[in-house]
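> next one to model:
(2 chains)
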Amino acid sequence: MSIRMAAATGAVSMWWPATGLSEESNEIRDQIEEIRRELRKPMSFSWRESLRHELADIVEKCSFAGWDGYDAEPVSDESKIAALQLIEVLPEFILAPDVTPLPSGEIAFEWRVGQEIYFTISVSGVSLVYAGVFGGSCKKYGEERFFDALPRSIQSILAEYFPST
Amino acid sequence: MRCLGQFSRFLLSIFLRLDRVADTVGPGERISRYIFEKRHVKGGKVSFGAFLPSRAKELSVYRTDRCSERRIWLLGELFVERIRKGKVKILARGDVSAVIVFEQGLKIVASKQPHSRHANVLGWPDDKPQQRMKAVVLAQKSHLFVRP
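A predicted model of the protein is given here:
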């Protein structure tokens, strides 16, 4: 491929040939590219990524019975998969949640704003369980079907109480 | 000085074993849940995960009313931490008033074992969302104390 053709197709930069002059320059180019990729990421992507890491850590550390010092069940791979699915469908515009292992072996996500507003969700199979307090005596809790989209009721709670701005 | 501290701790542990409390739990009592898992402490607050019952629908707690801080931590060390398998350590505790537990329609039943101050929170519903809601309220109304 000629330089002109390469530039036209966008395959490589015509000012930055694909082959480096040395191993060192290749390494620097890779690092710069990594930084650029990082800068291009939306903010929400970074909290999703951080949740995935935390999830992996939870699965590793809570994989035995009694991890909570009491009678907790081990956090299973199924719980991890369910939590990963939930991370994927969380809206972009909300505050980052905390990840919490539960004595049942499930993994929950929780949001807290001040002393009064506290909301939690978890997924097990096709069931999404939620519960929260929203100031005064206002409580909301229930169970929804979860396939590959966040139920509207949960979306509206997150949008109303936990917007990122 | 260190020996004196250890001796006073030894005496406290003896008195702790002789500790007696009423059979019924009063609404004004303080209830403490010891926390071993670091993720059950979030931003200076207790997570609801620490207040969810076991599969047997029991939540193990201690009645720590009229106990000094030192006594509460020693109670946890001797009668909760030491009887656990492995080397799990108490990291913190969540304190909640018994009346908050009662308001959720739950009961606190003294179990007396392994210590006279031990009790179980019972009466949890089978329905998962309802169970979760109660644990959320307990967590929200609780106060976190990190182990010194």
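
> run through chain A and note the low-pLDDT ranges.
Within chain A, the ranges that satisfy pLDDT under 70 run A:1-21, A:24, A:31-45.

> what does chain B give?
For chain B, the ranges with pLDDT under 70 are B:1.

> need the strands for it, in chain order.
B:30-35, B:41-42, B:45-46, B:59-63, B:92-97, B:107-110, B:118-122, B:143-146 (DSSP state E).

> and what of chain A?
Taking DSSP E, the strands of chain A run over residues A:98-101, A:107-113, A:117-124, A:127-134, A:139-145.

> contacts only, for B:A119.
Neighbouring residues of B:A119 by CB atoms under 8 Å, 6 or more residues apart in numbering or on different chains: B:V25, B:I31, B:S60, B:V61, B:Y62, B:R63, B:I108, B:V109, B:A110, B:S111. (C-beta placed from N, C-alpha, C; glycine too.)

> any of these buried? List them.
Buried members of the contacts of B:A119, counted by 16 or more other CB atoms under 10 Å in any protein chain shown: B:V25, B:I31, B:S60, B:V61, B:Y62, B:R63, B:I108, B:A110, B:S111.

> determine the number of other residues adjacent to A:E27.
Burial of A:E27 is recorded as 11 neighbouring residues (other CB atoms under 10 Å in any protein chain shown).

> for chain A, see how far away B:V21 is.
Look at B:V21 and chain A: by CB to the nearest CB, to the nearest Å, they are 22 Å apart.

> which parts of chain A sit against chain B?
Taking CB under 8 Å from any CB of the partner chain as the criterion, chain A approaches chain B at residues A:58, A:62, A:66-73, A:98-104, A:108, A:110, A:112, A:115-116, A:118, A:120, A:129-133, A:139, A:141-143.

> chain neighbours aside, what residue packs nearest to the residue in chain A that chain B sits nearest to?
As assessed by CB to the nearest CB, chain B sits closest to A:G69 within chain A, at 3.0 Å. Distances taken as CB to CB, 6 or more residues apart in numbering or on different chains place B:F36 nearest to A:G69, at 3.0 Å, with adjacent residues excluded.
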